[in-house]
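Participant: build me a structure from this.
(chains A and B)
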Number of protein chains: 2
Amino acid sequence: MAAAPGTAAQGLRDDGWYTELSSLWPGQGLSLKVDEVLYQGRSEFQDIAVFKTGAFGKVLVLDGAIQCTERDEFSYQEMIAHLPLCALARPAKKVLVVGGGDGGVLRELSRHSSLEAIHMAEIDGGVVEAAKIHFPGMAIGFSDPRVSLHICDGIKFVQDAEENTYDAIIVDSSDPVGPAEVLFQQPFFEAMHRALKPGGVVCTQGESLWYHLDIIKGLAAMCHTVFVGGTVQYAFTTIPTYPSGQIGFMICSKADPETQAQLDPRTPKRSVDGADSAALGPLKYYSPEVHSAAFVLPAFAKRELQASLSF
Amino acid sequence: MAAAPGTAAQGLRDDGWYTELSSLWPGQGLSLKVDEVLYQGRSEFQDIAVFKTGAFGKVLVLDGAIQCTERDEFSYQEMIAHLPLCALARPAKKVLVVGGGDGGVLRELSRHSSLEAIHMAEIDGGVVEAAKIHFPGMAIGFSDPRVSLHICDGIKFVQDAEENTYDAIIVDSSDPVGPAEVLFQQPFFEAMHRALKPGGVVCTQGESLWYHLDIIKGLAAMCHTVFVGGTVQYAFTTIPTYPSGQIGFMICSKADPETQAQLDPRTPKRSVDGADSAALGPLKYYSPEVHSAAFVLPAFAKRELQASLSF
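Facilitator: Numbering: from 1, shown residues only, chains lettered A, B, ... in the order given. Got it, this is the predicted structure:
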């Protein structure tokens, strides 16, 4: 990508309105009335800002791009966590999250009682700090005793992992501009494939079908060459504060030589046993029906991607 | 609604950016860089503007709200037309479109060879004129010889229609603020119910699950009382330039005393026989799989609506 990361300040106007500008969606952007800038700073890796808005509650902005808002974050967090875990043939015991420093994905993983270990490799401790202060509803995920947080380079963490370690790897990254760019490239996917157990699943943030079909097409083709004998699929969820109002996920499974069975991630094999957790409340977006429907792509997208997808 | 209709000029800034502001989605709005204002005027009924943008091509704005853009209109037009027509137990012969003055719904209806008559009741001839000048890709719908255009009050047109006339009525309206407000109210739905054939289907523009769940809940409850013995369902499609990136449809069927069968609109009963029309090109959004998936609602929405929905 030739695009350069932005800052939150670039999109803030004197009248208190913020427009999310990016070279990834030129000539347009969501505008929000900001009631208060709760935090604005720079970590070692990126520009971090927290806005208070009337429309979406608190909003986390990294390098000028909206990462999550209190009002609609559940859609993304539930789907990126439960799609892979419910697709697995066997209940997941060990899961790795790359990125996800806001804690929201951890919160959703904590609904799964089968999990024994949840590793997180987040490059930027500044994001974790900001979440713990401003987004307790997401950062609650860090309080699960099964979680071990590693502030480090996610790629190196995956490369150093033992082979056949994880049932699922979830990549909750920002856009492929700035620190997350490498998380969309082949060496990282090869390392994840190696670290997955046979039959294991990777689920990565996969941009928008409406705006980034070319990126997704390239990503799917690359996954197709890495997950030989496994499966490659794409799903999406609706979420108002991401560009185009939706975001997708690349979901790839590693071949299992023992069973020879190809995992079809479109059909959930298990439910979220903590779906009605007393501490977390009921699921707001995910259901088994939503799981399957998420893989049904608009005709224009299916035509472009079907050569790389498994079904 | 206490909301008052706006104008396109209110959202246009000196730097050429337009933000879609409305009391229906306070504190936020999609912003577009406008390269040129192609038209700005006032009809008898509303403020009409046409913008040229880099991101979405030409954009039609009524009373300050984006109605359609060249880049993504196909999602809405295909779904609001093909969902009801493909759900019908018998092929549709006679269809009424209320609103839809841009012609896009007519274009999609023209793919159905079973249709013998397509009536349109559009209140504002100014919209039809603007579409014919600036949106030939949608206004092509008017060239179908089965179309008869009536510039008139849609409610009166439906009230004057003979009982049991239409296989489907499609309400392609703007938001329930300004001239379209009455199209969301019970007298109009009662008139549509009367004008439908037994087993016929109504499909109306039904706002966004993310922003207008209260409006939708009220609409569904009202439909439930009008379509006695029939069915009430809700579907949605993704579309970047509508608020929240999606828009929904209320789909109601009239009881058929002869067959006693309840129509389940979630399962398509027929395909679009002109799906690959040489003149119009292939469908870009709709497919039988997309049809069924469109009725699968996020958990939060299903919980709120299920008391009024039929399944």
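
Participant: CA only for contacts and neighbour counts going forward, please
Facilitator: Noted.

Participant: do you know how far A:Tyr281 is from A:Val37?
Facilitator: Actually, residue A:281 is Gly rather than Tyr. 29 Å (Cα to Cα, to the nearest Å).

Participant: tell me which element A:Ala92 is part of?
Facilitator: For A:Ala92, there is no host helix or strand (DSSP states H and E).

Participant: spit out the contact partners of the closest residue to A:Phe142 other than its chain neighbours.
Facilitator: Closest residue to A:Phe142 apart from its sequence neighbours, by Cα to Cα, 6 or more residues apart in numbering or on different chains: A:Gly103 at 6.1 Å. Taking Cα atoms under 8 Å, 6 or more residues apart in numbering or on different chains, we find A:Gly103 in contact with A:Val128, A:Ala131, A:Met138, A:Ala139, A:Ile140, A:Gly141, A:Phe142.

Participant: list only buried entries from those.
Facilitator: A:Val128, A:Ala131, A:Met138, A:Ala139, A:Ile140, A:Gly141, A:Phe142 (16 or more other Cα atoms under 10 Å in any protein chain shown).

Participant: how much space separates the residue nearest to A:Phe142 from chain B?
Facilitator: A:Gly103 is 21 Å from chain B, where distance means Cα to the nearest Cα, to the nearest Å.

Participant: which parts of the stretch 1-150 of chain A are helices?
Facilitator: Taking DSSP state H, counting those that start in this stretch, the helices of the stretch 1-150 of chain A run over residues A:8-11, A:73-87, A:104-109, A:125-134, A:136-139.

Participant: before we move on, back to that, of all the contacts of A:Gly103, which comes closest to A:Val296?
Facilitator: Using Cα to Cα, A:Met138 comes nearest to A:Val296 of those, at 28.5 Å.

Participant: what pLDDT is listed against the spatially closest residue to A:His119 that is not a sequence neighbour?
Facilitator: Among residues not flanking A:His119 along the chain, A:Leu96 sits closest, at 4.6 Å (Cα to Cα, 6+ apart). Looking at A:Leu96, its pLDDT stands at 98.

Participant: near chain B, which residues of the stretch 101-250 of chain A?
Facilitator: A:Trp210, A:Thr238, A:Ile239, A:Pro240, A:Thr241, A:Pro243, A:Ser244, A:Gly245, A:Gln246 (Cα under 8 Å from any Cα of the partner chain).

Participant: so what's the second one up against?
Facilitator: Residues in contact with A:Thr238 (Cα under 8 Å, 6+ apart) are A:Ser75, A:Gly245, A:Gln246, A:Ile247, B:Thr238, B:Gly245, B:Gln246.

Participant: list the contacts of A:Ala65.
Facilitator: Listed by Cα under 8 Å, 6+ apart, the contact set of A:Ala65 reads A:Gly6, A:Thr7, A:Ala8, A:Glu20, A:Leu21, A:Ser22.

Participant: how about the second one: what's its closest non-neighbour residue?
Facilitator: Read it as A:Thr7. A:Gly64 (4.1 Å).

Participant: distance-wise, check the one you found relative to chain B.
Facilitator: Distance from A:Gly64 to chain B, by Cα to the nearest Cα: 15 Å.

Participant: for A:Asp72, same thing?
Facilitator: Applying Cα to the nearest Cα to A:Asp72 and chain B gives a distance of 9 Å.

Participant: phi, psi for that residue please.
Facilitator: Per-residue torsions, A:Asp72: phi -120, psi 10 (degrees, to the nearest 10).

Participant: so what pLDDT did the spatially closest residue to it that is not a sequence neighbour get?
Facilitator: What sits nearest to A:Asp72 in space, not counting adjacent residues and going by Cα to Cα, 6+ apart, is A:Ile239, at 6.3 Å. On the pLDDT scale, A:Ile239 is placed at 98.

Participant: OK, contacts around A:Ile239?
Facilitator: A:Ile239 neighbours (Cα under 8 Å, 6+ apart): A:Asp72, A:Glu73, A:Ser75, A:Tyr76, A:Gly245, A:Gln246, A:Ile247, B:Ser244, B:Gly245.

Participant: give me the neighbour count for the closest residue to A:Leu88 other than its chain neighbours.
Facilitator: Among residues not flanking A:Leu88 along the chain, A:Lys269 sits closest, at 6.4 Å (Cα to Cα, 6+ apart). If you count neighbours by other Cα atoms under 10 Å in any protein chain shown, A:Lys269 ends up with 16.

Participant: measure A:Lys269 to B:Ala92 for me?
Facilitator: Taken as Cα to Cα, the span from A:Lys269 to B:Ala92 is 40 Å.

Participant: partners of the residue nearest to A:His119 in the sheet?
Facilitator: A:His119, A:Ile169 (DSSP bridges).

Participant: that one contacts A:Asp172, doesn't it?
Facilitator: No - because the distance of 10.5 Å does not satisfy Cα atoms under 8 Å, A:Leu96 is recorded as not touching A:Asp172.

Participant: cool, thanks, talk later.
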